[in-house]
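**Q** just a sequence and a predicted model for now, questions to come.
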Amino acid sequence: MLSGERKEGGSPRFGKLHLPVGLWINSPRKQLAKLGRRWPSAASVKSSSSDTGSRSSEPLLPPPPHVELRRVGAVKAAGGASGSRAKRISQLFRGSGTGTTGSGSAGGPGTPGGAQRWASEKKLPELAAGVAPEPPLAARATAPPGVLKIFGAGLASGANYKSVLATARSTAREVVAEALERYGLAGSPGSSPGDSSCVDAFALCDALGRPAAAGVGNGEWRAEHLRVLSDSERPLLVQELWRARPGWARRFELRGREEARRLEQEAFGSPDGDGTGAPSWRPQKNRSRAASGGAALASPGPGSGSGSPAGSGGKERSENLSLRRSVSELSLQGRRRRQQERRQQALSMAPGAADVQMGPADPGDFDQLTQCLIQAPSNRPYFLLLQGYQDAQDFVVYVMTREQHVFGRGGNSSGRGGSPALYVDTFLNAPDILPRHCTVRAGPEPPAMVRPSRGAPVTHNGCLLLREAELHPGDLLGLGEHFLFMYKDPRTGGSGPARPPWLPARPGATPPGPGWAFSCRLCGRGLQERGEALAAYLDGREPVLRFRPREEEALLGEIVRAAAAGAGDLPPLGPATLLALCVQHSARELELGHLPRLLGHLARLIKEAVWEKIKEIGDRQPENHPEGVPEVPLTPEAVSVELRPLMLWMANTTELLSFVQEKVMEMEKEADQEDPQLCNDLELCDEAMALLDEVIMCTFQQSVYYLTKTLYSTLPALLDSNPFTAGAELPGPGAELGAMPPGLRPTLGVFQAALELTSQCELHPDLVSQTFGYLFFFSNASLLNSLMERGQGRPFYQWSRAVQIRTNLDLVLDWLQGAGLGDIATEFFRKLSMAVNLLCVPRTSLLKASWSSLRTDHPTLTPAQLHHLLSHYQLGPGRGPPPAWDPPPAERDAVDTGDIFESFSSHPPLILPLGSSRLRLTGPVTDDALHRELRRLRRLLWDLEQQELPANHRHGPPVVTPS
């Protein structure tokens, strides 16, 4: 009896479900759209460079195709000149601080680990195309000089740059003096370049930017990264350390010292302003950079080939130490001094600070101290870390920069189907953190919402969080087994709860089982108080039904079994209400994937119960009776008793389906669209709702089948009975059934029984209209076919008989109008009324009419039906139809080939009701019968929970002590 049609593409909510007799369902289909995010990667921007400096006397060796920057330990293991060279490059971008215990060593102060130490160095390969091999110290000492192009940056009109001759031992101060002399800006003519008073006002800068040929802006040079060289650095060696990649250019610029300091400080740690994603040239501030001096990186030893005297070792070491400190590091000393003064001032304001002697501050402790001076944001929500996984890598405050903040585990794993990795705002590196663990949405208006991802361990105020919940300032959010945050929102202005909800004085969220009152020890209540709370739940009238997933099968089976057996005096929609409470508990309290499984189990149980009921009715009302046994027609009372269980299931399933649709839509909105199991869950929900569709369709089919089977034996009386019997008075509109003519009472009795049955079962009004629409359709087709059939063999089409049929039909329509079904009856009885009206036309008027006028006056009749009625109309003995009734040649084929009988397969489709469910799950339960059944189910769940406990831990049902 059920349709085997499967759903077609997409994930439709409902499909057309065909009946063996032609019934089908038109239900709205819901299309699911999977939205994927595509976020650009900062590493996807490519860069290029060109080298601007050149050696005049000796060409540079070509750089290798690829240089791998290795850590310090790996470089030492390699040994040789290449190891020393790689060490110099790494120290240039890592820094060594003052002395031998700088922050660049592994595990040193301010450096949490090796991986974090190289965080800024990862940007170097994007700019450096390669590093030329370093010549030995002896070769450097005797190397010929080179030419440096010094760009004046507008120092002199008409000059783009000046060439300066420099050696490997020429310092930046000497190069500045030579460049100023070339530009004509030197001090007194007799003084040496290095001692010029003008030299202190200028600084040599190593600039990286876009060349004019790249077409950036108006075609001019655009410096994007700048580093001020210290006076003791060797520019010629700095130039040889690395080359810019294609698309980028590198050059030396001569700028005013104050201007260079300002530009360097403005670009300190700032992101790329134009959004190109070019890597920043400056390392992180808590890591000092080493200098770029040549011979300063290794002291000469025996056999090194150096020609320096032995007595110059101390001088060389002092120069080496000075070269290890870049000017960017020196520029921080003033800032550190000012911050140290502010720190001392703040400490001096503390009580008892005057008695404390401030000793010399540890320079290595400065960075850690400045990182501890944290001020929370005042205009954005943030999370305060209470417990982390690795103290060296965890931050104290995590600020929400977007309305939707995602916590997850970092990594290079990509999404489904090779798609880019999921976007994560805060990376947590604990092993139990999922790639996309938890999502928090904090809009302009409170409250914020927190939603855990599928399978992610998340706690909210100490209770396991399975569904989306509200997040208020002061709430505790636990992620996994390690991380614990406190949510803060300064925008609320202290409008949050005065007492945090996780304090013991306030009970937290309750576990799903009914025994939560005895198992909850966090709330601080005593055993008697918890017992009273449990008793209040078991006997309360709140529409709540708590259960655990392991008790789901027993609970659903008990509800369906009681509804099928008709036990108790539940209200008509009581089973749907109890089942909806189960669905609501699963949607609110249990895990995300539980609701689809519960819906599938629920739909199968209802389908099996309905099937058993249909088989029972079929056994009592067989279609084929044995020979010799007359078939006893069904009476309206008998058919009402037989159809009551089916009508109840149709009413309950309809309301339950509407409620399930609402919950599935809420689940789809609340679920994470990146959840790989979301589509599977929605498919399971679609299958469950399709089963509920089939249940509604089959119960509707069986109901109208037995009702029409009863009508079939009562309808002929409308054509044969005479309402004008002796002494009978025609009843008026709204008359009782007993006042109607005897020939109409059986038919009207079936209509009345169906109307009372739908009212008692509280069937949805839309399904009530469609039920009677099908009954009226069947009655119209059956009476019209009988009318056509009776006019063929004997004289039946005459005015007197037509008046009786018209009167019976009017009495039926008047009674249905009084029952509230007049509009539906008038619509479906239109063709029968048109045929009877034709036969009621007086003979004289009918003889004057032509075929075209009759077609115009009776448009619902087909040409074949109209010709059949006219050709068999009784005009008198020996008189045939007049020629004016003959159809024209254009309609002759339709008359000859047309069918005069109505088809029963052209009935209207069954359309499921739209809109929200009529079940009300808010407010206390007012119906006493429903309350008793709710109490029985709660105690059943309590017994099931107690049976799992040891005998000495079991408790009887608690009883509220009278006050």
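**A** On my side now, so go ahead. Residues are numbered from 1 along each chain as shown.

**Q** which residue is the nearest non-sequential neighbour of R173?
**A** Closest residue in space to R173, ignoring its immediate chain neighbours: D231 at 3.9 Å, by C-beta to C-beta, 6 or more residues apart in numbering. No exception for glycine: its C-beta is placed from N, CA and C like everyone else's.

**Q** wait, that neighbour sits on A177?
**A** No. With contact defined as C-beta atoms under 8 Å, D231 and A177 do not form a contacting pair (10.3 Å).

**Q** ok so, going back, next, give phi and psi for the residue nearest to R173.
**A** phi -60, psi -20 (degrees, to the nearest 10).

**Q** poorly predicted segments of the stretch 551-700 of the chain, please.
**A** Low-confidence segments of the stretch 551-700 of the chain, defined by pLDDT under 70: 567-568, 624-631, 672.

**Q** that one: helices as residue ranges?
**A** Using DSSP state H, counting those that start in this stretch, the helices of the stretch 551-700 of the chain run over 552-565, 574-589, 594-620, 636-670, 678-712.

**Q** for the record, mean pLDDT for the strand or helix carrying A802?
**A** In this structure, A802 is located in helix 799-818 according to DSSP states H and E. Regarding helix 799-818, the rounded mean pLDDT is 93.

**Q** got the buried residues for that helix?
**A** By neighbour count, with 16 or more other C-beta atoms under 10 Å as the criterion, the buried positions of helix 799-818 are 801-809, 811-816.

**Q** nearest to E948, of these?
**A** L816 (58.5 Å; C-beta to C-beta).

**Q** surely the closest one meets A825?
**A** Yes. The criterion here is C-beta under 8 Å, and L816 meets it with A825 at 4.3 Å.

**Q** more crowded one of D231 and A177?
**A** Neighbours were counted for D231 and for A177 using other C-beta atoms under 10 Å; A177 has more, 23 against 18.

**Q** and that one, how far from N680?
**A** In this structure, A177 and N680 are separated by 75 Å, where distance is defined by C-beta to C-beta, to the nearest Å.

**Q** then C463?
**A** Taking C-beta to C-beta as the measure, C463 and N680 are separated by 27 Å.

**Q** more crowded one of those two?
**A** Neighbour count, other C-beta under 10 Å: between C463 and N680, C463 has more, with 17 against 12.

**Q** how near is that one to L941?
**A** Taking C-beta to C-beta as the measure, C463 falls 20 Å from L941.

**Q** equivalent analysis for W885, please.
**A** Taking C-beta to C-beta as the criterion, W885 is separated from L941 by 77 Å.

**Q** apart from its neighbours in sequence, what residue is nearest R801?
**A** Nearest non-adjacent residue to R801, counting by C-beta to C-beta, 6+ apart: L839, 7.6 Å away.

**Q** contacting residues for A166?
**A** Taking C-beta atoms under 8 Å, 6 or more residues apart in numbering as the contact definition, A166 lies against 145-148, 174-175, 178, 235-236.

**Q** kindly recompute the last result at 7 Å.
**A** For A166, the residues meeting the contact criterion (C-beta atoms under 7 Å, 6 or more residues apart in numbering) are 145-146, 148, 175, 235-236.

**Q** what do you get for L226?
**A** Counting by C-beta under 7 Å, 6+ apart, the residues that L226 touches are 205, 207, 263-264, 267.

**Q** can you give me the buried ones in the helix or strand harbouring it?
**A** Secondary structure from DSSP H and E places L226 in strand 222-228. By neighbour count on 16+ other C-beta under 10 Å, the buried set for strand 222-228 is 222-228.

**Q** please tabulate the residues you listed in a markdown table and include distance to W649 and pLDDT as additional columns.
**A** Conversion of the buried residues of strand 222-228 to a markdown table gives the following (distance: C-beta to C-beta, whole Å; pLDDT from 0 to 100):
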| residue | distance to W649 | pLDDT |
| --- | --- | --- |
| R222 | 77 | 76 |
| A223 | 79 | 79 |
| E224 | 74 | 83 |
| H225 | 75 | 84 |
| L226 | 80 | 86 |
| R227 | 81 | 89 |
| V228 | 85 | 91 |
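
**Q** so can I have a markdown table of the residues you listed showing distance to E694?
**A** Putting these into a markdown table (distance: C-beta to C-beta, whole Å) gives the following:
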| residue | distance to E694 |
| --- | --- |
| R222 | 70 |
| A223 | 73 |
| E224 | 67 |
| H225 | 69 |
| L226 | 74 |
| R227 | 75 |
| V228 | 79 |
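
**Q** what about L839, how many neighbours?
**A** With other C-beta under 10 Å as criterion, L839 counts 23.

**Q** ramachandran angles for it?
**A** Backbone dihedrals for L839, given as degrees, to the nearest 10, come out at phi -70, psi -20.

**Q** give me the neighbour count for the closest residue to W815 other than its chain neighbours.
**A** Setting aside the residues directly before and after it, W815 is nearest to L748 in space (C-beta to C-beta, 6+ apart), at 5.7 Å. Around L748 sit 19 other residues, with neighbours defined as other C-beta under 10 Å.

**Q** again with the one 3 residues further on
**A** With neighbours defined by other C-beta under 10 Å, the count for F751 comes to 24.

**Q** hang on, F383 in a helix?
**A** No. Following the definition DSSP: H, G, I helix; E, B strand; the rest coil, F383 is strand and is not counted among the residues of a helix.

**Q** what sits against Q947?
**A** Taking C-beta under 7 Å, 6+ apart as the definition, Q947 has no contacts.

**Q** any idea of the pLDDT on it?
**A** Model confidence at Q947, given as pLDDT, is 84.

**Q** ok, now how distant is it from E470?
**A** Noted for Q947: a distance of 36 Å to E470, by C-beta to C-beta.

**Q** okay, L60: pLDDT?
**A** In this model, L60 is scored at 40, pLDDT.

**Q** and what of H764?
**A** At H764 the predicted local confidence, pLDDT, stands at 95.

**Q** wait, doesn't it sit right on P913?
**A** Yes. Counting by C-beta atoms under 7 Å, P913 is a contact partner of H764 at 4.9 Å.

**Q** overlap in contacts, those two.
**A** With C-beta under 7 Å, 6+ apart, H764 and P913 have common neighbours T654.

**Q** in a strand, T439, correct?
**A** Yes. With three-state DSSP as the criterion, T439 is part of a strand.

**Q** now do the contacts for the nearest residue in space to P377 that is not next to it in sequence.
**A** Spatial nearest neighbour of P377, excluding adjacent residues (C-beta to C-beta, 6+ apart): V399 at 5.5 Å. Contacts were defined as C-beta under 7 Å, 6+ apart; by that measure V399 touches 377, 380, 382.
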